[in-house]
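Asks: Fold the following.
(4 chains)
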2 protein chains.
Amino acid sequence: MHKSHNDIEIKSKLWIESDGEPVFGRGRRFLLNAIDKYGSINQAAKEINISYRKAWSYIKAMEERLGIKLIERQIGGKNGGGASLTPEAREFVRRYEMLEDGIREYVDERFNKIF
Amino acid sequence: MHKSHNDIEIKSKLWIESDGEPVFGRGRRFLLNAIDKYGSINQAAKEINISYRKAWSYIKAMEERLGIKLIERQIGGKNGGGASLTPEAREFVRRYEMLEDGIREYVDERFNKIF
DNA sequence: TATCGTTATGACTTTTATGCATAGCGCTTC
DNA sequence: GAAGCGCTATGCATAAAAGTCATAACGATA
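Replies: Numbers count the residues shown, from 1 in each chain, chains lettered A, B, ... in the order given. Purely as a prediction, here's the structure:
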C-alpha cells in the first residue's frame, strides 16, 4: 500500500461516516467505479474480488445511511438485468477520490520523513 | 474525531505494520502514554477504557512483532508491581505522534475544502 | 414457455474481538 | 512469618463481525 522503511510500513485508512456509521471508503469507491464500468453489481463484485452478497450489503448500507440513491437497478430483462450509477453517486465518488488521493501522497511523504 | 459538515464527517486511521501485521496505532499510542503516566498497565487500561486483558494483548503483539521491548514490568512487590516504558518505547511514541498529528490536521483541512 | 444472467436475501459458518475468571508474585504490615 | 494488597499473566468462554452458501424472483429473448 505505502512505502516501507526497514521492514515497517505505514498504512492509512480513510472513510466517511454519517451518524457514526461508515458510509464510504476505499472499498466502496472501487465498487462503485466497477459498477460504472460493467453495468452490473455482480460483475463488479467479481472484479474487485468480493462476493455479490458483500457488494449488495455495502450498497444497501451506503444508500440507507447516506440517504441518497446511488445505484439504479434493473431486475430481469435483457442480460438478466443490470445496475448503473446515479449522477449523485458519480459526484460523490469524484469528490471522495480527490480527497483520498491527495491524502495518500501526503501520508507517505511524511512517513518517509519521520521514520 | 474530525470536523463535520452537514452531518457527515471524515475519519482517518493510521497505523504501522511490520510483516503485514499491525504493530502501532492510535489506541496503542494512548495506551503507552497512559502507562507512562500511571506506572501501571492496569491503571492505564482503565484510563483509556479498555480491559486489562486487551491492553496486555496489545503490548504482547507490539513487542513480538516489532521486536523491541517496550514495557518494563515488575510483578509483585511494592504496590503489587507496576510497569514503565523503555527508552525505545518513548522514542517510538514520539515519532508516531509527530506523524499522526500532522496528518490529522491535513485530513481535516482537505475534507473541509472538498465537502 | 424454457433459458439466461441479473438482483435480492435468509441462514449458516468462520473468524475475530472482547470479557471473565483465576493464578502467581513480592513488598508491606501486623 | 503469615496474611493482605494490587499488580502482572493467561486460559477459556462468550459475543460480535465478516464471510460464504443456497435459493428465489424477475423479465427480455429466442
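Asks: Indicate whether stretch A:12-25 makes contact with DNA strand C.
Replies: No: applying C-beta under 7 Å from any atom of the strand, one finds stretch A:12-25 separated from DNA strand C by no less than 13.0 Å. (C-beta placed from N, C-alpha, C; glycine too.)
Asks: got the buried residues for that stretch?
Replies: A:Ser12, A:Leu14, A:Trp15, A:Ile16, A:Glu17, A:Ser18, A:Val23, A:Phe24, A:Gly25 (16 or more other C-beta atoms under 10 Å in any protein chain shown).
Asks: distance between that stretch and the chain's centre?
Replies: 11 Å (C-alpha atoms, centre = their mean, to the nearest Å).
Asks: What angle do helix B:87-114 and the strand or helix carrying A:Phe92 make with each other?
Replies: If you go by DSSP states H and E, A:Phe92 is part of helix A:87-114. If you take axes from the mean of the first three to the mean of the last three C-alpha atoms, to 10 degrees, helix A:87-114 sits at 150 degrees to helix B:87-114.
Asks: Which positions within helix A:87-114 qualify as buried?
Replies: A:89, A:92-93, A:96, A:99-100, A:103, A:106-108, A:110-111, A:114.
Asks: Which is the succeeding secondary structure element to the helix or strand harbouring A:Leu31?
Replies: Using DSSP H and E, A:Leu31 sits in helix A:26-38. Once helix A:26-38 ends, the next helix or strand along the chain (criterion: DSSP H and E) is helix A:41-47.
Asks: Just give me how far that next one sits from the chain centre.
Replies: 13 Å.
Asks: ok, that helix near DNA strand D or not?
Replies: No: Helix A:41-47 stays clear of DNA strand D (C-beta under 7 Å from any atom of the strand), getting no nearer than 9.9 Å.
Asks: ok, residues contacting that helix?
Replies: A:31, A:34-35, A:37-38, A:51-52, A:54-56, A:59, A:71, A:73, A:83 (C-beta atoms under 8 Å, 6 or more residues apart in numbering or on different chains).
Asks: Buried residues in that helix, which are they?
Replies: A:Ile41, A:Asn42, A:Ala44, A:Ala45, A:Glu47.
Asks: related to what we said a few turns ago, contacts with DNA strand C among the buried residues of helix A:87-114, please.
Replies: Within those, nothing lies near DNA strand C by C-beta under 7 Å from any atom of the strand.
Asks: which one of those sits closest to A:Gly67?
Replies: A:Phe92 (11.7 Å; C-beta to C-beta).
Asks: which residues does that closest one contact?
Replies: A:Phe92 makes contacts with A:Phe24, A:Leu66, A:Ile68, A:Leu70, as judged by C-beta under 8 Å, 6+ apart.
Asks: confidence score at it?
Replies: pLDDT for A:Phe92: 94.
Asks: For it, give its distance to A:Glu64.
Replies: 15 Å (C-beta to C-beta, to the nearest Å).
Asks: what does A:Leu31 give?
Replies: The spacing between A:Leu31 and A:Glu64, counted by C-beta to C-beta, is 16 Å.
Asks: Settle it for me: which of the two has more neighbours?
Replies: In terms of neighbours (other C-beta atoms under 10 Å in any protein chain shown), A:Leu31 is the more surrounded of A:Leu31 and A:Glu64; the figures are 23 against 12.
Asks: How about the residues of chain A by DNA strand C?
Replies: Near DNA strand C, when you scan chain A using C-beta under 7 Å from any atom of the strand, you find A:40-43, A:52-53, A:56, A:59-60, A:73-77, A:79-83.
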